Structure formats: C-alpha cells, structure tokens
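> based on what follows, work out the 3D shape:
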Amino acid sequence: MEVIQNNISLSINDKDLANIKKLRELVKEELTPYYDTDFNLLRWLQGHHNNFEEIVPKLKSHLAMRKSNFKLDIIADGPRNNPVHSYWESGLTCEAELTPNCIVNVEQTGANDYWGILHKFSLNEILMARIYDLETMLRKIMEKEKETGHQHSIMYIMDLSGLHFDSNLITMLRGALRSLSTFITEHYVELIRSFVLVNAPEFISMIWSIAKPLLPEKTRQKVIIMGASHWRREILEMATPKALPAFWNESSENGVFLAELNRSKPVDRNSLYKSDPKETVASGYYKQLNVSPGKSSYVDLKVEKVKLVF
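So this is what the prediction gives:
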C-alpha cells in the first residue's frame, strides 16, 4: 500500500484549509495515514456544507469501516477477482480531459444482469465487489490529486443500451439498487461529480419518476440524461474518445471510441441461488421475516459463548 502524502494546493482556499485542519483534529484518532489527505477531508466538508455536527459522526463511522475487516486502505492492492466482477465489469478508463479534473467510469447499466447478480450472490458479496471498484476509483483520484494539486472526481457514465422495462427493474430500483446508491452517498462523499445516462430509452421519464424520489437531493442534481438520438455526439463534448469504450463503435465508424473494456457476461439462470429454510434448517431453528425496501426489522437471539451465528 502506497501512502499518498498530504498535498496542500493553491486550489484550496484559506477558509477550506482552516476547516480541513479543524476536521483533521476532530477525527485524528480514527484517521489512517493512507486516507489522510486534504482533498479527502475536503470532500466531506463539501458534501455536508461544512456542518461539523453532521460530518464528524458520519466520517468517524466511515473511518471505522476502513479499519475493520474490510481493510479498505489496502483492498485496491489486490486483484479484481471477486466472483461478481465478471458479471459487473470495471469501466474505469482515464481522464475525461474535456471536463477538467475528471476521471471517466463507464458502467454497462443496460447490459448488466443485475437481477441475476442479486439472485446468484449474497448482498455482502455484491457489496464487497462494489467496494473494491469504489476504492479503485478513489485511489485513482488520490493519485491524480497528488500529481496535479487539484481536486478530482468521477464522471460516472451509465450506458443504458439494452435496458428493459419490467417489474424486476422497478423492484431493484426501490430495493437493492437504492441501498447501494445510499451506501455510496454515505461513504464516498463527493467522489462522483456527475451521473451521465447515455442512450436513454423512451421510457426513461417513467424510470426517472420512480428513481428520483428515492435518491438524495445532491445525487439528483448530478444526473445528466442523453437520449438515443444524439448521445454519441453529446458525450464527445464531455470526454475524449480515449476515455470512452470501443464497443460503442458502429460498423460505419472508423474507431471513434478507443477505450478497451471487457463486456459483462450474463448470469446463467440455472445457477441462481435457491433456498427453502423449511427444507435446509431443522424445525424451530428459523424465523421468517418480511422486510420492505428501506425498512428494518430484528430478531432476538440467545446464544452461548463461542457459538457461531449464521
């Protein structure tokens, strides 16, 4: 793990530097050398409008997670080999250039089989796969900030090509995908500058009307939607061709888009996880709960010391 040293920059004004110093002092017991940069702390200040009463407990919670078994400071040192990753490929490319201080990430939103992923893998496994990618983005940003002295962020392009409108999509928007979005908002504050939706289908207004109320206000303000007609031209006004995926090239084009990215593979529906506790767990040892998206419930357990709880 490389410690990316603190980089005081003329791009940070005196007021922000004073707030960064104050915040650093308030979380110094939890702060790790790796995460301790001016720009990382500045992101928390920007995301919460310099409200220290709001920032400090949330940042301490994030820093505690970084030190936990998740080992966030070093997770990006390892290979990208989570079983989820072949179904949810990385889209991190390079700097957008046309949008200053911005690094491009392209997600194959329309092609990714999210329903299959959610029914093949546990939420914990999916979360760990996403954390790896988020930490990789954060590290790329930190490296650029060290190199340039300017704050960087992610242009998160969501390619909606192939997106289908059905009840599964609505269920995911209101449930698991909403939870993942909330996690990113809470723990990776101001990491993403904009969400750029390209090749949006005709039913995007219906999808947006469902998704918009579920998203935090600051996230909603970052969304840019490009329809099916002119998105290829419009995206080239925001990012250089070398930052955009070559699989966007059409046969009539001469290699306009240059970034080589792997295509996500579909989930084999015969491999989806299926379990009936009535068949796999002895009677009296399970309790079934119905928990609505965004809600919570609990179970009281009486356990003996050294016993494992599953």
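> what kind of secondary structure is Val106 in?
Here Val106 is recorded as strand under DSSP: H, G, I helix; E, B strand; the rest coil.
> OK, contacts around it?
Gly91, Thr93, Ile157, Asp159, Leu244, Pro245, Ala259, Leu261 (C-beta atoms under 8 Å, 6 or more residues apart in numbering). C-beta: built from backbone N, CA, C; applies to glycine.
> who's in contact with Lys287?
Each residue near Lys287 by C-beta under 8 Å, 6+ apart is listed here: Val299.
> show me what contacts the nearest residue to Ile20 once chain neighbours are set aside?
Nearest non-adjacent residue to Ile20, counting by C-beta to C-beta, 6 or more residues apart in numbering: Leu41, 4.8 Å away. Residues counted as contacts of Leu41 (C-beta under 8 Å, 6+ apart) are Ile20, Leu23, Arg24.
> what about Asn227, neighbour count?
If you look again at residue 227, you'll see it is Gly, not Asn. 15 (other C-beta atoms under 10 Å).
> same question but for Pro266, I mixed them up
12.
> quick check, it in a strand?
No - assigned with three-state DSSP, Pro266 falls outside any strand and is coil.
> please name the nearest non-neighbouring residue to it.
Once flanking residues are discounted, Pro266 sits nearest to Asp113: 4.9 Å by C-beta to C-beta, 6+ apart.
> contacting residues for the one you found?
Contacts here follow C-beta under 8 Å, 6+ apart; on that basis Asp113 touches Tyr87, Ser264, Pro266, Val267.
> do you know how far it is from Pro245?
For Asp113, the distance to Pro245 equals 18 Å [C-beta to C-beta, to the nearest Å].
> over to Trp88?
For Trp88, the distance to Pro245 equals 15 Å [C-beta to C-beta].
> what's the answer for Met155, then?
Met155 is 13 Å from Pro245, by C-beta to C-beta.
> looking at the two, which is more packed in?
Neighbours were counted for Met155 and for Pro245 using other C-beta under 10 Å; Met155 has more, 24 against 20.
> just the pLDDT for the more buried one.
On pLDDT, Met155 comes in at 98.
> would you map out the domains in the chain?
Annotated domains of the chain cover 14-75, 83-270 [automatic domain parsing].
> mind putting these into TSV with distance to Gln288?
As requested, the domains of the chain are exported to TSV (distance: least, C-beta to C-beta, whole Å):
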stretch	distance to Gln288
domain 14-75	29
domain 83-270	17
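> closest one to Ser296 among the ones you listed?
With respect to Ser296, and counting by C-beta to C-beta, the nearest of the domains of the chain is domain 83-270 at 11.3 Å.
> how far away from the center of its chain is the closest one?
Counting by C-alpha atoms, centre = their mean, to the nearest Å, domain 83-270 is centred 8 Å from the centre of its parent chain.
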